[in-house]
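**Q** requesting a structural model of the entry that follows:
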Amino acid sequence: MKKLVIVESPAKARTIEKYLGAEYKVLATIGHIRKLPKKDAIDPATDYAMTYISILEIKEAITKITVALQYTDESILGTDADREGDAIALHV
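**A** Alright, predicted model coming up:
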């Protein structure tokens with residue numbers, strides 16, 4: 001595998017992979033991969049550093065992406081062009 005494209009949803013992954021061809025593998029994060037906990041998420045004492053926790057429900061998707069990255073020459077973040085997409089790309 002030469003190039004890995006990471007998108008947000010499995011439906012998008014299937015559609016985009018059809019267009020890109022054999023040189024690309026497209027995988028989905030299935031949405032956000034980490035979130036802020038309900039308590040003690042931001043620490044004012046350390047320049048408002050944020051503490052994130054992983055979203056366990058999508059662990060399988062993240063494992064697939066992690067394994068695929070080991071066999072990839074190039075990775076492309078193809079998330080939606082909105083703030084939510086930016087956050088997902090940042091966490092990936």
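**Q** from here on, contacts and neighbour counts on C-alpha atoms
**A** OK.
**Q** and stretch 79-92, which residues are buried?
**A** Across stretch 79-92, burial judged by 16 or more other C-alpha atoms under 10 Å covers Thr79, Gly85, Ala87, Ile88, Ala89.
**Q** so which pair among those is furthest apart in space?
**A** Farthest pair in those (C-alpha to C-alpha) is Thr79 and Ala87. Separation: 9.3 Å.
**Q** which of the buried residues of stretch 79-92 fall in helices?
**A** Among the buried residues of stretch 79-92, the members found in helices (DSSP state H) are Gly85, Ala87, Ile88, Ala89.
**Q** in CSV: these, plus pLDDT and distance to Gly21.
**A** Listed next are those as CSV, based on pLDDT from 0 to 100; distance: C-alpha to C-alpha, whole Å:
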residue, pLDDT, distance to Gly21
Gly85, 82, 24
Ala87, 82, 27
Ile88, 82, 25
Ala89, 83, 23
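**Q** partners of Arg34 in the sheet?
**A** Ser54 (DSSP bridges).
**Q** where along this protein do the strands fall?
**A** Ranges of strands in the chain, per DSSP state E, are 3-7, 24-28, 34-35, 42-43, 49-50, 53-54, 74-77.
**Q** so for Glu17, which of those strands sits nearest?
**A** Nearest of the strands of the chain to Glu17, taken as C-alpha to C-alpha: strand 24-28 at 5.6 Å.
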